[in-house]
Each structure stands twice: as C-alpha cells, then as structure tokens.
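1. Got a predicted structure plus its sequence, pasted below:
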Amino acid sequence: MHWILGIALAAAVFIVLKKWGALTPEGQKSAIWKIILVGGGALLLFMVLTGRVHVLTAAVAALIPLLRKLPAMLKYVPMFRQHVGMGSEREPGTENQAGRAASHGNMSEREACEVLGVEKGCGEQEVITAHRRLIQKLHPDRGGNDYLAAKINEAKSVLLQKYRG
C-alpha cells in the first residue's frame with residue numbers, strides 16, 4: 001500500500017515540476033500565492049477539525065484573503081443600499097407592515113379591482129367585503145404569505161381612496 005502512495009506522490013511531484021517550468025515569472029508568483037493560500041487554508045481546516053483553533057478564529061482568518069477584494073466590492077454598495085432601501089419606504093394610511101411594503105408601487109384602479117375580484121365602480125361596502133373575504137384566506141397567520149396580503153391591502157386602499165379622498 002505504501003509503495004502505491006509513493007508512486008502517486010512521485011507522479012504528482014513530476015507533474016507539478018513540469019508545469020512549474022512552463023510558467024512565466026508572473027505565473028510562478030501567482031502560483032506561489034495560490035499554494036500558500038491553499039496550504040494555509042488546509043492547515044487551518046485541519047486545526048479546526050482537530051479542535052486546536054476555535055471556529056470563529058478560523059472564520060476571521062479565512063476572511064483575511066478577501067480583504068484584498070474589498071476595494072473592488074465597495075463600488076457595488078450604492079446599488080445594494082438602493083435595492084434594500086426600496087422596501088423600507090412607508091406611506092401613511094396602510095394597515096400593517098405587509099401593506100406598507102407593497103404600497104410604494106403604483107397599482108391602478110383596474111389592477112386593484114382584479115386583485116379583489118370586484119367590478120370597476122363598485123361600492124365601498126363591496127370593496128370592504130371582498131377585502132375581508134380574501135384576507136381571511138390569504139393572511140400570513142393563516143398560511144398565506146406577506147406578498148399576497150400586501151397586494152390585497154394595497155388594492156383595498158387604492159379603491160377606498162376614491163370614496164374617502
């Protein structure tokens with residue numbers, strides 16, 4: 001068994017040395033850094049698995065190579081902040097958090113009628129009844145989801161604005 005491992009190791013060393021000779025000086029420098037990082041990562045993993053290094057310490061050590069990429073990643077921060085900030089806008093007059101999350105969209109009266117399943121030009125009581133019927137079925141507390149509940153609440157507020165506004 002040991003002689004098989006010895007032959008495999010000799011073959012691996014031969015292949016590595018052959019490829020090493022074909023590299024340019026810049027390629028060799030890059031390869032050295034990769035070898036150091038992979039070897040260090042393997043050593044760190046071994047130490048974590050054997051209980052010699054705490055997992056949090058290992059996580060911090062694993063993040064150190066990523067610090068080189070930090071300046072390049074900072075250019076994406078404005079896009080991330082804009083994307084996250086879109087859901088946090090709140091308009092007055094919405095019933096709950098799910099309604100506030102969806103109320104930043106501009107739902108038309110036609111879309112609101114389709115969501116609630118009512119005819120255009122229906123009465124205020126008809127809107128309230130349709131809203132109550134749907135929200136009882138699709139509320140997140142009853143197995144529905146936040147998105148559908150938000151759309152239903154938005155549709156109700158759009159249709160009731162013409163009666164109250």
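-> That came through fine.
2. Map the structural domains onto the sequence of the protein.
-> 2-76, 95-164 (automatic domain parsing).
3. For these, give me JSON lines that also has mean pLDDT and mean neighbour count.
-> Glycine gets a C-beta too; all of them are placed from N, C-alpha and C. As requested, the domains of the chain are exported to JSON lines (pLDDT from 0 to 100; neighbours: other CB atoms under 10 Å):
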{"stretch": "domain 2-76", "mean pLDDT": "85", "mean neighbour count": "11"}
{"stretch": "domain 95-164", "mean pLDDT": "81", "mean neighbour count": "16"}
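4. which residue ranges form the helices in this structure?
-> 2-22, 25-49, 55-63, 70-73, 77-86, 97-102, 109-116, 124-138, 146-164 (DSSP state H).
5. just the CA coordinates of the first one, formatted as CSV?
-> Okay, so that is helix 2-22. Extracted C-alpha coordinates of helix 2-22, given in CSV (Å, rounded to 0.1, in the frame of the first residue of the first chain):
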residue,chain,number,x,y,z
HIS,A,2,2.8,2.4,0.8
TRP,A,3,4.5,1.9,-2.5
ILE,A,4,1.3,2.9,-4.3
LEU,A,5,1.2,6.2,-2.3
GLY,A,6,4.9,6.7,-3.1
ILE,A,7,4.4,6.2,-6.8
ALA,A,8,1.4,8.6,-6.7
LEU,A,9,3.4,11.2,-4.8
ALA,A,10,6.3,10.9,-7.2
ALA,A,11,4.0,11.3,-10.2
ALA,A,12,2.4,14.3,-8.6
VAL,A,13,5.8,15.9,-8.0
PHE,A,14,6.8,15.2,-11.6
ILE,A,15,3.7,16.8,-13.0
VAL,A,16,4.0,19.9,-10.7
LEU,A,17,7.6,20.4,-11.6
LYS,A,18,6.9,20.0,-15.3
LYS,A,19,4.1,22.6,-15.2
TRP,A,20,6.3,24.9,-12.9
GLY,A,21,9.0,25.0,-15.6
ALA,A,22,6.5,26.1,-18.2
